[in-house]
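Engineer: sequence first, predicted coordinates after that:
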Amino acid sequence: MKPSPANNPIPEPTTLSTHEKKTAMRIFWGQLRKNDRNSADNDIVKFLKKIPFFENLKKRQLEQVAQVIYARDYREGEYVFEIGQPGAALFIIQSGEVAIEIPSDDNEATQLATLTKHAFLGELALLDESPRSASARAIVPTKVLALFRKDLDQLAEVNPDISTPIYKALAMIIGNRLKATNELIEKKLKAVA
Amino acid sequence: MTEQVRARKFRRLIVYSLAGLFFALLSIGLFVGLKPLLLPFILGAFLAYLFKPLANSFKGPWAIKYARAAAFLFIVGSSLYYGTKMIKESLPTGIQKIELKVRLQYRFNERYLAWMGLQDNDKGNFIYKSLGPELDPFKKKIVEYLRLTDEERKQFLVYHQQTETKNKTAAAGDEVVNEKADRYYQYYLANLKAAKIDIENLSKQAKDEAAAKSDTVVAGSTNSDLPKNGSQKSNLAALAYTLTNWIIFPLAFIFILLDRGQIIHFFMRLIPNRYFELTHAVIEKVDDALGKYIRGTIIQCSLVGLTLILGFYLCGIELKIAILIGVIGGITNAIPFVGAFIACVIGAIYSLIAENITPILPFINENNLMLAVIGVVAFANLLDNALYQPLVVGSAVNIHPLVVIIGVFGGSIMFGFAGLIFAIPAIVIFKVVTETFFQGLKDYRII
């Protein structure tokens, strides 16, 4: 006797389209790498890729940089660093706003600039311990990433291929600033003349 | 300041104070409760700290980090195991300790008589005539210290009786052992003679005891009054106890060696923003200074140890003993002033009992061996001060000699031998941390 379809427990095999197969595979591998994808380090890696200092680094190298980076949260009005303090770290703004100020005698501060997401400050601390030339204060709740000179030096000893592009980018940034300052002085001198 | 901000500050103060108190109590509780785990943990962490720069200096796909850490653990573990084994085997146990006391007492008496010109019933030389009344009580005290107790005397005589019995049925290969045992017995008799104790009385007593014990003592073994079963059980229990505690050693070593800054990141999260940069700067400077000091001191101690080993070997001291005294001298060299003194005392004591030496330097013999040993220690100390210390350690961490002396004695009173060894490193750590911390507080305008 031929079994009726209702009594047959074996379901018909499902055929997946190429697109569905690809989606399934993506979900499968995505689940396997879920922890990795959601880790804070991975977020930092993605973020660092957008910063001029690190744009020439490969993902694997950025992961190593992310291991030595510190994430900090600052409340509104809290100082990231103050003028005259020895510089030890470069700070990168992940979110929020930071004001660069020079305090004056009457307890008021002259605001030089306001920095936002992706901006960096205190980069000269990566070279030496010279005192900060201005104060940096969070003007809204701000998240920053800090890279210390000592950690970069250690990276340079073990992995010069990571530190070299960072130092190169730092030299470029300082060079561009010098150029811009020279141009500004030139303009001012011309205006005076 | 608004009322809200003030209230928030007050709440923060309360929370931080309570949390601080809680962690302080927890730390004290853990310190007391887990005291047996402290030494293995500290040793594992310390060795990992030492090896970290070496471990981090390797790179490339061939050097997988876990395999690397395992290799380091293997090297450190085997060095520790074989080092401890060698030292343990070299140290006298049971009857050897008693023999050592007999030899020391005999040789000390002999040397004293020779130095003071008191041999063959002489009235003594110039030194004895000048300093005799002062030196005699001192000598008596040393002899008194080295004299065998009643129990030790019985054990020694029982052992001698057994050796004599074996001697009658021994093969030719045992000749040296028997010859040595005979010689030590002669020393013992000479010591007794010197101390005017009735030899015959004691020998008779010992013979009776040896006869009584002959049924229970296993042939060929040295005398042991411990029941075999109990000894095995206690050994097993001790082994289990040691293993349980020391399991923390490889774990601490591997995890700290493999750590890529996670531990420090965790603690840095607890630091308020105001002290964040300062804390990292202080840690960095302390790490730098301590790393240089500890690694430098270890290299310096190794060089001093090697110099001592070479010097003692040239003087004709048996290589195994030269290594043992050299290792002890090298380790104790970490203690300024006291280290050289300890090496000198151990070397001098050994030179007292050394017999049949074969020196490579022709002018050294049994009579002037002690002077040669003192000379080697002085030379090693000179090399250390003039060459090793300036080259390897530098003057990064200078401590006042008075602090060193007080630290060493204070450490030994409080923690015994461990305190003696670790007092100076602990003072160095304290000095570097406080100096750097207060300098940092000033630099960052916190105080």
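Structural biologist: Thanks, I have it.
Engineer: same for the helix or strand harbouring B:Ala114, what does it pack against?
Structural biologist: Secondary-structure element containing B:Ala114, defined by DSSP states H and E: helix B:95-116. Applying 3 or more C-beta pairs under 8 Å, 6 or more residues apart in numbering or on different chains; DSSP states H and E, one finds that helix B:95-116 makes contact with helix B:126-146, helix B:150-169, helix B:175-195, helix B:338-353. In short, each C-beta sits where N, CA and C put it, glycine included.
Engineer: could you name the helices and strands sitting against the second one?
Structural biologist: This points to helix B:150-169. Helix B:150-169 makes packing contacts with helix B:95-116, helix B:175-195, helix B:199-213 when contacts are defined by 3+ C-beta pairs under 8 Å, 6+ apart.
Engineer: and that helix with helix B:175-195, angle?
Structural biologist: What separates the directions of helix B:150-169 and helix B:175-195 is an angle of 140 degrees, with axes from the mean of the first three to the mean of the last three C-alpha atoms, to 10 degrees.
Engineer: look at the residue of the stretch 251-400 of chain B found nearest chain A and report its pLDDT.
Structural biologist: Across the stretch 251-400 of chain B, no residue is closer to chain A than B:Glu284, which sits at 4.3 Å (C-beta to the nearest C-beta). The model reports B:Glu284 with a pLDDT of 86.
Engineer: let me know the secondary structure of it.
Structural biologist: Using DSSP: H, G, I helix; E, B strand; the rest coil, the secondary structure recorded for B:Glu284 is helix.
Engineer: quick one on the thing from earlier: okay if I get the helices and strands packed on helix B:95-116 as CSV plus mean neighbour count and mean pLDDT?
Structural biologist: Supplementary listing: the helices and strands packed on helix B:95-116 in CSV, determined by neighbours: other C-beta atoms under 10 Å in any protein chain shown; pLDDT from 0 to 100:
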stretch, mean neighbour count, mean pLDDT
helix B:126-146, 12, 80
helix B:150-169, 16, 79
helix B:175-195, 15, 74
helix B:338-353, 20, 83
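Engineer: list just the one of the ones you listed that sits closest to B:Arg269.
Structural biologist: The minimum distance between B:Arg269 and the helices and strands packed on helix B:95-116 falls on helix B:338-353, with 41.5 Å, by C-beta to C-beta.
Engineer: show me what the next helix or strand after that closest one is packed against.
Structural biologist: On the C-terminal side of helix B:338-353, the closest following helix or strand by DSSP H and E is helix B:369-383. Using 3+ C-beta pairs under 8 Å, 6+ apart, the elements in contact with helix B:369-383 are helix B:276-314, helix B:338-353.
Engineer: buried residues, helix B:369-383. List them.
Structural biologist: For helix B:369-383, a neighbour-count test (16 or more other C-beta atoms under 10 Å in any protein chain shown) marks B:Leu369, B:Met370, B:Ala372, B:Val373, B:Ile374, B:Val376, B:Val377, B:Ala380, B:Asn381 as buried.
Engineer: closest to B:Pro336 among these?
Structural biologist: Proximity of the buried residues of helix B:369-383 to B:Pro336 (C-beta to C-beta) peaks at B:Asn381, which lies at 10.4 Å.
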